[in-house]
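In: Using only what follows, build the 3D model:
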Amino acid sequence: MRLYSLSVLYKGDPKVHLLKAAYDVSTFNFFQRSSVQEFMTFTSQLIVERSGLGSRASVKEQEYLCHVYVRNDGLAGVVIADNEYPQRVCFTLLDKVLDEFSRQVSKMDWPSGSPATISYAALDGYLSKYQVPAPRQ
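Out: Numbers count the residues shown, from 1 in each chain. The predicted model follows:
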């Protein structure tokens, strides 16, 4: 059971844009890592774009399960995990991250923000904290 990506996005009027993201691509071949990360970013944006405000969904994409939560205010979160990761835990994590993000980052910064301009450092910590360690052989 693994988490690969945790993203915070903003579903604006013209388009969806990424505000902050954390990735764990350590299980992939070194040469695949950047393309896997690009795929996860693109997929996260696409799923949020196709989701309505105030909705939660789990979408299967290749061998991954993408859990998305779009709040009524346009703030959205996406967790990309493997098929075995518990769905309930993913949505609990998304609730926690979006609540904390909305308290720490001004709503005025969401429409124009980008990963470079938004200062919110907790995603990497959440991604590693919610990782389920592989059973020892």
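
In: where along the chain do the helices fall?
Out: Under the criterion DSSP state H, the chain contains helices at 33-50, 87-104, 122-129.

In: For the first one, which helices and strands make contact with it?
Out: Spelled out, that is helix 33-50. If contacts are counted by 3 or more C-beta pairs under 8 Å, 6 or more residues apart in numbering; DSSP states H and E, helix 33-50 sits against strand 3-11, strand 16-23, strand 55-61, strand 64-70, strand 75-82. For glycine as for every other residue, the C-beta is placed from the backbone atoms N, C-alpha and C.

In: Name the surrounding residues that touch the third one.
Out: Right, strand 55-61. Strand 55-61 has contacts (C-beta atoms under 8 Å, 6 or more residues apart in numbering) with 43, 47, 51, 65-70, 80, 83, 87, 90-91.

In: if we can go back for a sec, quick one: closest of the helices of the chain to Lys20.
Out: Taking C-beta to C-beta, helix 122-129 is the member of the helices of the chain nearest to Lys20, at 5.8 Å.

In: which parts of that closest one are buried?
Out: Counting neighbours by 16 or more other C-beta atoms under 10 Å, one finds that the buried residues in helix 122-129 are Ala122, Leu123, Tyr126, Leu127.
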